[in-house]
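Colleague: Okay, here's the prediction I keep looking at, along with the sequence it came from:
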Amino acid sequence: MSDDLQSLIDEWDGLGVVVSRHRETGSWIFIALHDATLGRPTGGCRLRTYRSPAAGLRDAMRLAEGMTYKWAAMDFRYGGGKSVLAVPGPLEGGPRRSLLTRLGHLMNALNGGYGVGEDLGTTPEDMAFLATVTPWVACTSGGGRAPDPGPFTAEGVHAGIEAAVAHLEGAPDLAGKSVLVQGVGDVGHPLARLLGESGARVIAADIDAGRARAVARECGGTTVDAREAYRTECDVYAPCAIGATVNARTVPVLRCRIVAGSANNQLEVPEDAERLRRRGILYAPDYVVNGGGAMAFGLMEQGIGDPAQLRARVRSIGKSLEEIFREAEADGSSPVAAAHKRALRALRREASAQ
């Protein structure tokens, strides 16, 4: 795998990338634009520390590609894009605002060529500030504060877990099912709450053990050491933190029947989907099951603001997954292959109409 910026850009099949160095904070800014077939490339802004600038760019590219298929799988009129702020360490106050200001100026230079929202490491407050610099921030028209996408994403994942259980057992009943939620932050926490309300037995795992204990207490669940998450017996493994946790090292030791969570890029490499299938583990493709936040923001951009209507639309992710599971079973393929076909159909239909 490439480990320098030039090689990554040479090998990528996307539209292009914007790269900027923010000297004040020692940060790198990457805006990856993957595809505009369905509309303006749109995706969240991730802020985290990477081992190298190339690792940050690689993450932006993978996430942007994932957004292309996420929007296409939902048949929404947006393209695939993502931004990454690769910071050297924790960043708050003036330096953080300065970095966001630079991102806003880059977006203004693109003149609407990329739309942004919250993602891992950024907050609604960050988006509210960014909206004072650029108009291309989701759901902040009129200077308002964008809602937190986490609960919407959690709602979609919950519906997806129900769909996976129904596919295996004939009914979406979660009562008594054990669900290991890996990462109980902005999405994992509301997901754990929904699971607890559904009668599921929540197992919380987080690098912040105190947070895991607090969420477990709230949901009547238990905790497990974050290092033991992959080896813990459960019905559902729900990765809700970083990506690439499903890989050649973890698939052989997983003790679950279903993998369905909110993390982006859960598979380290595409072949991991087939590894899961061979082990008889049902996988809910990440860009489908975690699409609730993006879907809700897309609907709000269209003027739909009724909470009940938004919730109902987000929960339609479950129906989409039911169709994907059935198609994969009929084809003898992985759900990832079936979801990819579904997304490509939407992209080709739009391309042929242009």
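Modeller: It's in. Numbers count the residues shown, from 1 in each chain.

Colleague: When you work out contacts or count neighbours from here on, use the C-alpha atoms and nothing else.
Modeller: Noted.

Colleague: helices or strands up against the helix with the most length in the chain?
Modeller: Of all the segments assigned as helix in the chain under DSSP state H, the longest by residue count is helix 53-74. If you count contacts as 3 or more CA pairs under 8 Å, 6 or more residues apart in numbering; DSSP states H and E, helix 53-74 packs onto helix 5-11, strand 27-35, strand 41-48, strand 79-86, helix 286-289, helix 335-353.

Colleague: Can you point out the buried residues in the last one?
Modeller: For helix 335-353, the neighbour count (16 or more other CA atoms under 10 Å) marks 335-344, 346-347, 350 as buried.

Colleague: about what we covered before: list the buried residues for the longest helix of the chain?
Modeller: For helix 53-74, burial by neighbour count (16+ other CA under 10 Å) applies to 53-74.

Colleague: Which among the helices and strands packed on helix 53-74 is found nearest to A131?
Modeller: strand 41-48 (12.9 Å; CA to CA).

Colleague: Give me the helices and strands touching the closest one, please.
Modeller: Using 3+ CA pairs under 8 Å, 6+ apart, the elements in contact with strand 41-48 are strand 27-35, helix 53-74, strand 79-86, strand 115-118.

Colleague: okay, the angle between the first one and strand 79-86?
Modeller: On the basis of axes from the mean of the first three to the mean of the last three CA atoms, to 10 degrees, strand 27-35 is oriented at 170 degrees to strand 79-86.

Colleague: Dump the helices and strands packed on strand 41-48 to TSV, plus distance to R217 and mean pLDDT.
Modeller: Output for these, formatted as TSV (distance: least, CA to CA, whole Å; pLDDT from 0 to 100):
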stretch	distance to R217	mean pLDDT
strand 27-35	38	98
helix 53-74	33	94
strand 79-86	34	97
strand 115-118	28	92
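
Colleague: just so I know, which of those lies nearest K177?
Modeller: That would be helix 53-74 among the helices and strands packed on strand 41-48, by CA to CA, at 27.7 Å.

Colleague: what's the angle from that closest one to strand 79-86?
Modeller: Relative orientation of helix 53-74 and strand 79-86, computed by the same axes, to 10 degrees: 150 degrees.

Colleague: Doesn't Y237 belong to a helix?
Modeller: No: using DSSP: H, G, I helix; E, B strand; the rest coil, the assignment for Y237 is strand, not a helix.

Colleague: quick one: it from Y283, how far?
Modeller: 10 Å (CA to CA, to the nearest Å).

Colleague: need the contact list for the residue nearest to the spatial centre of the chain.
Modeller: Geometric centre of the chain, nearest residue: N264, 3.8 Å, by CA atoms, centre = their mean. For N264, the contacting residues are L63, G66, I242, G243, D286, Y287, N290, by CA atoms under 8 Å, 6 or more residues apart in numbering.

Colleague: just S334 next, same as before
Modeller: A273, E274, R277, Y283, A328 are the contacts of S334 under CA under 8 Å, 6+ apart.

Colleague: Kindly give a single ChimeraX line that selects the buried subset of the residues you listed.
Modeller: Selection of buried members from the contacts of S334 for ChimeraX, criterion 16+ other CA under 10 Å:
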select :273,274,283,328
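
Colleague: just for this protein, where's the confidence low?
Modeller: 1-2, 140-146 (pLDDT under 70).

Colleague: quick one: the helices in it?
Modeller: 5-11, 53-74, 93-110, 124-130, 150-169, 188-197, 209-219, 271-278, 286-289, 292-301, 307-315, 317-331, 335-353.

Colleague: Let me know the angle separating the second one from helix 292-301.
Modeller: I take that to be helix 53-74. 60 degrees.

Colleague: and what of the fifth one?
Modeller: With the same axes, to 10 degrees applied, the angle from helix 150-169 to helix 292-301 works out at 120 degrees.
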